[in-house]
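> Coordinates for the following, if possible.
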Amino acid sequence: MSWTRTRRVATSAALTGLIATSALSPAVAAERTGPTRSDGTTAAKQTGNPTPPPPRLPRNFHGRGKWIVRDLGITVPFTWAGRNGDSQMVAGGPSYPIWFTNLIYRNSLYTLTYKWPGLNDHECSRIPGFNLDTLNQKLRTARFVGPEVLQRNPQRQVNHWRVGVVVPQLPPGKFLRFPLALGDIYVDQRNPATFWQVLQFGVQNLYDPELDEWLVMNTFEHTPGRVALPDRCPRP
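The predicted model follows:
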């Protein structure tokens, strides 16, 4: 979740922050007509063990990796940090073709895009009433896909989870439904609070022509990181 990339769409807010951990020789999105598994993963043998605990973003952490927008051919540095329940994503920077930050800060969800191809709107948006507990409550509804191995250096043993938002919520049958947001989340098999990779797909990716983006973490440490609300964002 996730978080999920949050982009000025209130209906997708519950998936941000992860939704909510991707040039990826490590991972690429699979065809959406089949199981969503990155090309850089292999399925681990099922052992018949009970379903593991779902992903959970910790209160304190920090890590580095990459943000990948494959259809634009863009890969930029990425950082993700949490401190006392607040958290912040930063992708790219002034010298890169994309640059944005997403925050969960003092019970609000913020997103500010400094640079994106073809974008002239650089307003910082705020959605109040969103915090770490909100995100983790959504992550608890994630569906377990199975154990996998991320084919990177080093290889990582992960559990693959999927979380989504579909409207309207109707019983099984022939009903018209719309997928608002989908996240595929890969967390460490030994610790569901360690995020290694996330695919975000849906309306939260409105700036991307293919509506999907990857983030992949090279490091993920469980110690407090730096979280700072940009000056141009409204204070809570």
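
> In this structure residue 162 contacts residue 142, no?
Yes: with contacts counted by Cβ atoms under 8 Å, residue 162 reaches residue 142, the gap being 6.3 Å. For every residue, glycine as well, the C-beta is placed using N, CA and C.

> Which one of these two is surrounded by more residues?
When neighbours are counted by other Cβ atoms under 10 Å, residue 162 and residue 142 differ, and residue 142 comes out ahead with 25 against 15.

> Verify the stated contact: that one with residue 163.
Yes: if you go by Cβ under 8 Å, residue 142 and residue 163 touch, sitting 4.1 Å apart.

> hey, what's in contact with both of these two?
Contact criterion Cβ atoms under 8 Å, 6 or more residues apart in numbering; residues bridging residue 142 and residue 163 by contacting each: residue 185.

> which residues pair with the nearest residue to residue 156 once chain neighbours are set aside across the strands?
Among residues not flanking residue 156 along the chain, residue 150 sits closest, at 4.3 Å (Cβ to Cβ, 6 or more residues apart in numbering). With DSSP bridges applied, residue 150 shows beta-bridge pairing to residue 41, residue 156.

> Could you verify my assumption that residue 150 touches residue 187?
No: under the contact definition of Cβ under 8 Å, residue 150 does not touch residue 187, with a separation of 10.9 Å.

> now stretch 67-77, how far from the centre of its chain.
Stretch 67-77 has its average C-alpha position 14 Å from the chain's average C-alpha position, going by Cα atoms, centre = their mean, to the nearest Å.

> From here on, call the first residue 4.
OK, 4 is where the count begins now, so the last one is stretch 70-80.

> residues of that stretch that come out buried?
In terms of neighbour count (16 or more other Cβ atoms under 10 Å), stretch 70-80 has its buried residues at 70-73, 75, 77-79.

> Just those: which are in strands?
Taking DSSP state E as the definition of strands, the buried residues of stretch 70-80 contribute 70-72, 77-79.

> Burial check on residue 110, number of neighbours?
Other residues lying near residue 110 total 15 when counted by other Cβ under 10 Å.

> Skipping adjacent residues, who's closest to it in space?
Sequence neighbours aside, residue 134 is the residue nearest to residue 110 in space, at 4.7 Å (criterion: Cβ to Cβ, 6+ apart).
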